[in-house]
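Peer 1: Sequence plus the predicted model coming up.
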Amino acid sequence: MAAIYLVRHAQASFGARDYDKLSALGEQQAARLGQTLAEVQPALVVSGSMRRHQQTATLAGFTAEVDAGYDEFDHQEVIVAHKPAYRNHAVMVAELARTGHPQRAFQTMFTAATDRWMSGADGYSETFEAFCERSGAAVRRTAERLGKGESAVVFTSGGPIAAVVSRLLSGGDGLWPKLNPVTINTAITKVVSGRGGLTVVSYNEHVHLGTELLSYR
């Protein structure tokens, strides 16, 4: 039986114009993750192609090969399809700030945006179903490269992890909107590969963070 550890990237730069780089807290989370995984001797280390994936791997002490199948969905495209005016980042920031609770307002808006994407509406370069299929294919591709008793560490995002877990637990994508928002930065999800295929053993483990380093965005 082989094991795949799916790791969500450390905290990126939420609210900044360039989201795709780690924050100061994210750098601390990645270092803590490295301590946690110090005893893991993976036969394979993989990351998505996004900078936040690769920064997390590097700061955790790994050199990863890239598999873009583990990339997150285009959240900016999903937001703009829902709110075209938010193509201008400053407009979005100003409108959310006027609510007095910008993070809460963002989450409400983002949930509506992903609901629209999941509904099969037009306006996306990648459909929700295609995204879930791509995520599942990436994990199957990794599993096929592992021998008995070997392991892989994969640095990816919350969306692909939620897609993989939803399909393995329920056979469909219906759990994705419940799983995706609660995936914690640098949390570890373990999937094992055996004769019966892929099985989720644990999801979203984050005890290594304590309370001081815990974040969802």
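Peer 2: Looks like it arrived, so ask away. Residues are numbered from 1 along each chain as shown.
Peer 1: so what's residue 34 closest to, chain neighbours aside?
Peer 2: residue 60 (3.7 Å; Cβ to Cβ, 6 or more residues apart in numbering). Yep, even glycine has a C-beta here, placed from its N, CA and C like the rest.
Peer 1: what's around that neighbour, how many residues?
Peer 2: 24 (other Cβ atoms under 10 Å).
Peer 1: who touches it in this structure?
Peer 2: 7, 30, 31, 33, 34, 37, 155 (Cβ atoms under 8 Å, 6 or more residues apart in numbering).
Peer 1: and the gap between it and residue 46?
Peer 2: With distances taken as Cβ to Cβ, to the nearest Å, residue 60 is found 13 Å from residue 46.
Peer 1: got it, and residue 125?
Peer 2: From residue 125 to residue 46 the distance is 23 Å (Cβ to Cβ).
Peer 1: model confidence over the longest strand seen in the chain, on average?
Peer 2: Ranked by residue count and defined by DSSP state E, the top strand of the chain is strand 197-205. For strand 197-205, mean pLDDT rounds to 97.
Peer 1: In that strand, which residues are buried?
Peer 2: Buried positions in strand 197-205, judged by neighbour count with 16 or more other Cβ atoms under 10 Å: 198, 200, 203, 204, 205.
Peer 1: in its sheet, what does that strand sit against?
Peer 2: When pairing is defined by DSSP bridges, strand 197-205 lines up against strand 188-194 (antiparallel).
Peer 1: How far does the partner strand sit from its chain's centre?
Peer 2: A distance of 15 Å separates the centroid of the chain from that of strand 188-194, by Cα atoms, centre = their mean, to the nearest Å.
Peer 1: Mind giving me the PyMOL select for the contacts of residue 60, buried ones only?
Peer 2: For the buried members of the contacts of residue 60, the matching PyMOL selection, counting by 16+ other Cβ under 10 Å, is:
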select buried, resi 7+30+33+34+37+155
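Peer 1: Report the contact partners of the most centrally placed residue in the chain.
Peer 2: In the chain, the centroid-proximal residue (Cα atoms, centre = their mean) is residue 157; its distance is 1.5 Å. Neighbouring residues of residue 157 by Cβ under 8 Å, 6+ apart: 8, 9, 48, 50, 52, 53, 70, 71, 72.
Peer 1: Am I right that residue 86 is in contact with residue 92?
Peer 2: Yes. Between residue 86 and residue 92 there is a contact under Cβ atoms under 8 Å: 4.0 Å.
Peer 1: Can you check which residues contact both of these two?
Peer 2: Contacts common to residue 86 and residue 92, judged by Cβ under 8 Å, 6+ apart, are residue 79.
Peer 1: Look through every helix and strand of this protein and give the one with the lowest mean pLDDT.
Peer 2: helix 89-97 (a mean of 92; mean pLDDT, DSSP states H and E).
Peer 1: Just the buried residues of that helix, please?
Peer 2: So, applying 16+ other Cβ under 10 Å, buried residues of helix 89-97: 92, 93, 96.
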